[in-house]
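**Q** quick one: sequence plus predicted model below, questions after.
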Amino acid sequence: MKYPQIKIAKALGEARQYSPQARWVRATTQAENEWHFLRKTFTLPASVKKAALLITARSYAEIYLNGFFIGRHAIRSFNFDKYYDVLDVSPFLVEGKNAITLLVTDGRDARLNEALCEIQIECTDGCLHTVTGGEGWKTRLYDALPPTCNFFISNLRWEEWFDARRDILGVTEANFEDSGWAEATVLGPVNMPPYTKVSQTRL
């Protein structure tokens, strides 16, 4: 499987908060409006009983788990009053190696491709695991979407544009080779400035 399958995750329907270990991460950005992947692999010792994904971003993020496109996060909120989604990702995780991949852009003439992502996992053996921001996230420019494209972002200045010659096949798969990618920049905790208030989406 090279292209992601589409299977949208449902809202979990319960209150969840980020752990104290959660950290914002930033892609290495050279120019305004670039698109970047943020990616992290992790291993689970048993099958999954229940798993919740907590996700927010500075502006926009597409979310992929183990080769599945599971949703987008593009809540229109101020940076000082940020909202995050909580999704049920139990069906997408497996015993063994897993990968979460985010495609992020700021989309507002900035170079701050940042996201705050955490997966809270309960395995069938009773063990709890948390996959969060911090060390281990990698990043790469996605130049199939150039900085002057309007791709799922409301911006009337630019046309929609996708260069399939520069697509990266298999990038959302757990076994994709990302050893040559750069390390993502680890920023501060959940409520670091300017994200001084971060709350779960009320919808």
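**A** Looks like it arrived, so ask away. Keep in mind the model is a prediction, meaning the values are calculated, not measured.

**Q** and the closest residue to residue 183 other than its chain neighbours, how many residues sit next to it?
**A** Spatial nearest neighbour of residue 183, chain neighbours left out: residue 138 (6.2 Å); criterion: Cβ to Cβ, 6 or more residues apart in numbering. Just so you know, the C-beta spots here come from the backbone N, C-alpha and C atoms, and that holds for glycine as well. Here the number of neighbours of residue 138 (other Cβ atoms under 10 Å) works out to 20.

**Q** kindly report the same for residue 106.
**A** 22.

**Q** ok, now how distant is the closest residue in space to it that isn't next to it in sequence from residue 82?
**A** Nearest-residue entry for residue 106: residue 59, 4.7 Å, with adjacent residues in sequence omitted and distances by Cβ to Cβ, 6+ apart. The gap separating residue 59 from residue 82 is 11 Å, by Cβ to Cβ, to the nearest Å.

**Q** host element of the residue nearest the centre of the chain?
**A** Most central in the chain under Cα atoms, centre = their mean is residue 102, positioned 3.3 Å from the mean C-alpha point. Residue 102 belongs to strand 96-105 when assigned by DSSP states H and E.

**Q** does the residue nearest to residue 183 really touch residue 36, like I thought?
**A** No - with contact defined as Cβ atoms under 8 Å, residue 138 does not count as touching residue 36 (10.4 Å).

**Q** quick one: average pLDDT of stretch 69-84?
**A** Mean pLDDT, stretch 69-84: 86.

**Q** helices along the protein, start to end?
**A** Counting by DSSP state H, one finds no helices in the chain.

**Q** what packs against the worst-scoring helix or strand of the chain on mean pLDDT?
**A** Scoring the helices and strands of the chain by mean pLDDT, DSSP states H and E places strand 5-6 at the bottom, with a mean of 82. Under the contact definition 3 or more Cβ pairs under 8 Å, 6 or more residues apart in numbering; DSSP states H and E, strand 5-6 sits against strand 68-73.

**Q** many thanks, have a good one.
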